[in-house]
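Undergrad: Make a model of this:
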Amino acid sequence: MRIAARVVASALGLLLAAAVQTASAKPILVVNEDNDHYFKQDASLMNEASLKAYVDGIAAGERVTHLFFCVAGQRASYDSKAWEPIWKGLGGNGWSGKPENNIWCVNAKKLFDAGVDPYRVWIDRAREKGVSPWLSLRMNDAHGTTVSNHFRVSGFYWAHPEWTRVPGSKSSNWYDHAFDFAHPEVRDYTFAMAREIVERYRPDGLELDFMRVNAYFRDGEVKAGGPLMNDLVRRIRAVARREGVKLAVRVPDAIEACETIGLDVLTWCREGLVDWVIPCNYYYSMTFALPLADWQTRVAALNTAVTVIPGTGENVAFDHRGFSRADSAAYRGWASAMYSQGAKGLYLFNVAYHPRENKREPDLDRKIYATDLLGRKSVNAGERRFVRSFRDVDAPDVQHPAPRPVVSGVPLAVVLPEGAFACSTAEVVVGCRKGDAKCLAVSVNGVVATNPRDAFEPHKFGSSTSAAAWSVPPSALKGRENRVSVTFAGAIDVTWCEIAVR
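TA: Now for the predicted structure:
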């Protein structure tokens, strides 16, 4: 019976995949639904009808082609047998270090008690709406590991402190407290969850999210750890292939950064272990300079069947001292930079949090889902922002990277789309602390920027307390790297730089 059921499921899967492929003639647009976002909403939404309506809202604009639902960080948001369900944390400590009944736990349990599996509902509904449903597993989530008895953290973790990257660490840095995958017990524990997800739900695909968090081996042991991780990916791929499920990996935004933490992504591509590779930033900022063309060239040389989709989170920052939620213009800028390198689509992480946390543009999620905001042609129709952001995945310990102070007169690189660049108006925006930004002298590619105006807005320019915008002749701009020189005297701390075009 099980074999027959698999044959039927496989046939249905092929038909659905064909439908999705037809729908995906337009650029791919992937939305990752966070593992706790939905469950933090009002309890009245914890029912099957509301779960379906949530998918309907995302699919309404016919722009989203794939929905990735994250099922687990350290505990599962369903009644998992491999990892503890999140509601087992009822009464555990929260971020304050004090006991709390977190709404996530309460609402997930409410669905369980009612006999409703949210991921089964979402998968079925997505397919009905012509959206490809995938599930996502965070490979080494470390939320709450610095807080005693935090409700998010599993009993398996608390029982084995010796299996962390830095046993006994008192640091607040999550990277110290993440699991060390050199231990076979840790790899087996992760494999068991991946197998359960694939066999229980048979989604169109499974994403292995290596970015939460992106550290897997102890310092000095990364080289030896690479083959161990390769073996784990092979084991998961075997299960996925047996069930007709594709495999994606979300990884650091450059191949060299992957290698630095023991992720041999090129081997995974060469051996056909993955179908999709999603290079992405960690948390702090969109990577406007994401080297997508390098990814595409090197992956295609090994396996043309592997699709590379650039990804981004919801923040944008000049350095780690302060980030802002990205707005429509920032998303357009990033998207146009990716399309200019030949992107087949885009992957968006954590967009769901915009209604609650994006104070400047609370309806951004609706704009992304229901409009052509990020279409290949439409990204150039509105304002685009290109921020001199920093790459937050360029070292094994990237949670607290040291800022690189801006030196007066030393150019900053702002990356615009590849090829010929055209716009009707352009401005360069510089933010700072300890001074008035309008007092700065600014040039772009050797052309003096003029007519400074106050441009400061709360929640827009990271940790800046002042920001100004200067006019720049569009003819001064060029494709790819632009050099912005900021000249100043005294104790000026430059904390933002971008080029905005219309």
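
Undergrad: Going by C-alpha atoms from here, please, whenever you check contacts or count neighbours.
TA: OK.

Undergrad: Quick check: pLDDT value at the closest residue to Cys269 other than its chain neighbours.
TA: Nearest residue to Cys269 in three dimensions, chain neighbours excluded: Asn303, at 6.1 Å (CA to CA, 6 or more residues apart in numbering). Reading off the confidence values, Asn303 has pLDDT 98.

Undergrad: wait, doesn't Asn303 sit right on Trp268?
TA: No - using CA atoms under 8 Å, Asn303 makes no contact with Trp268, being 9.7 Å away.

Undergrad: more neighbours, the two?
TA: Trp268 (23 against 17; other CA atoms under 10 Å).

Undergrad: ok now the helix or strand containing the more buried one, how far from the chain's centre?
TA: Applying DSSP states H and E as the criterion places Trp268 in helix 265-270. On the basis of CA atoms, centre = their mean, to the nearest Å, helix 265-270 sits 21 Å off its chain's mean C-alpha point.

Undergrad: do stretch 170-183 as well
TA: Distance, centroid of stretch 170-183 to centroid of chain: 21 Å (CA atoms, centre = their mean).

Undergrad: got the contact list for it?
TA: With CA atoms under 8 Å, 6 or more residues apart in numbering as the test, stretch 170-183 has contacts from 140-143, 145-146, 163-167, 169, 186-187, 213-218, 225, 228-229, 397, 399.

Undergrad: give me that answer again for 7 Å
TA: Outside stretch 170-183, the residues that touch it by CA atoms under 7 Å, 6 or more residues apart in numbering are 140, 142, 145-146, 163-166, 169, 187, 215-218, 225, 397.

Undergrad: and if you look at stretch 474-488?
TA: The contact list for stretch 474-488, computed with CA under 7 Å, 6+ apart, reads 408-421, 423-426, 440-445, 447.

Undergrad: what about 8 Å?
TA: With CA under 8 Å, 6+ apart as the criterion, stretch 474-488 contacts 408-426, 439-447.

Undergrad: What of stretch 443-459?
TA: Residues contacting stretch 443-459 (CA under 8 Å, 6+ apart): 324-325, 359-360, 428-429, 431, 438, 441-442, 465-473, 476-477, 482-486.

Undergrad: State the mean pLDDT of stretch 450-462.
TA: 94.

Undergrad: Now do that stretch: distance from first to last residue.
TA: 24 Å (CA to CA, to the nearest Å).

Undergrad: burial measure for Gly372, as a count.
TA: Actually, residue 372 is Asp rather than Gly. 16.

Undergrad: And the one 4 residues further on, by the same measure?
TA: When neighbours are defined as other CA under 10 Å, Arg376 has 19 of them.

Undergrad: what residues are up against it?
TA: Applying CA under 8 Å, 6+ apart, we find Arg376 in contact with 27, 336, 339.

Undergrad: you'd agree the first one is up against Gly345?
TA: Yes - in terms of CA under 8 Å, Pro27 counts as a neighbour of Gly345; the distance is 4.7 Å.

Undergrad: neighbour-wise, which of those two wins?
TA: With neighbours defined as other CA under 10 Å, Pro27 and Gly345 compare such that Gly345 has more, 23 against 18.

Undergrad: Tell me the bridge partners for the more buried one.
TA: Ile28 (DSSP bridges).

Undergrad: From Leu29, how far out is it?
TA: Note on Gly345: its distance to Leu29, by CA to CA, is 6 Å.

Undergrad: Could you report the distance from Glu314 to Lys246?
TA: 26 Å.

Undergrad: Name the residue in the two with the higher neighbour count.
TA: Glu314 (24 against 20).

Undergrad: Could you report the neighbour count for Ile58?
TA: 22.

Undergrad: what does Arg212 give?
TA: Applying other CA under 10 Å, I find that Arg212 has 21 neighbouring residues.

Undergrad: OK, contacts around it?
TA: 138-142, 282.

Undergrad: For it, give me the pLDDT.
TA: 91.

Undergrad: Specify the local secondary structure of it.
TA: Assigned with DSSP: H, G, I helix; E, B strand; the rest coil, Arg212 falls in the coil class.

Undergrad: measure it to Leu111 for me?
TA: To Leu111, Arg212 is 26 Å away according to CA to CA.

Undergrad: Run a quick neighbour tally on the nearest residue to Asn35 once chain neighbours are set aside.
TA: In this structure, Asn35 finds its nearest non-sequential neighbour in Cys70, 4.6 Å apart by CA to CA, 6+ apart. Using other CA under 10 Å, Cys70 has 24 neighbouring residues.

Undergrad: Quick check: Cys70 touching Ser136?
TA: Yes - the criterion here is CA under 8 Å, and Cys70 meets it with Ser136 at 4.3 Å.

Undergrad: Please pick the buried ones from the contacts of stretch 474-488.
TA: 408, 411-418, 423, 426, 440-445, 447 (16 or more other CA atoms under 10 Å).

Undergrad: tell me the phi and psi of Tyr38?
TA: phi -60, psi -40 (degrees, to the nearest 10).

Undergrad: And it, how far from Ala72?
TA: From Tyr38 to Ala72 the distance is 13 Å (CA to CA).

Undergrad: okay, these two: which has more neighbours?
TA: Ala72 (26 against 19).

Undergrad: thought that one was touching Leu135?
TA: No - in this structure, Ala72 is not within contact of Leu135 by CA under 8 Å, at 9.5 Å.

Undergrad: If you rank every helix and strand of this protein by mean pLDDT, what lands last?
TA: One helix or strand of the chain scores below all others by mean pLDDT, DSSP states H and E: helix 2-23, with a mean of 45.

Undergrad: Now the helix holding Trp268: buried residues?
TA: Those would be 265-266, 268-270, for helix 265-270 by 16+ other CA under 10 Å.

Undergrad: which strands and helices sit next to that helix?
TA: For helix 265-270, the elements it packs on are helix 222-242, helix 255-260, helix 292-300, judged by 3 or more CA pairs under 8 Å, 6 or more residues apart in numbering; DSSP states H and E.

Undergrad: Report the buried residues of the longest one.
TA: If I follow you right, that is helix 222-242. In helix 222-242, counting by 16+ other CA under 10 Å, buried: 222-223, 225-230, 232-237, 239-240.

Undergrad: Many thanks, we can stop here.
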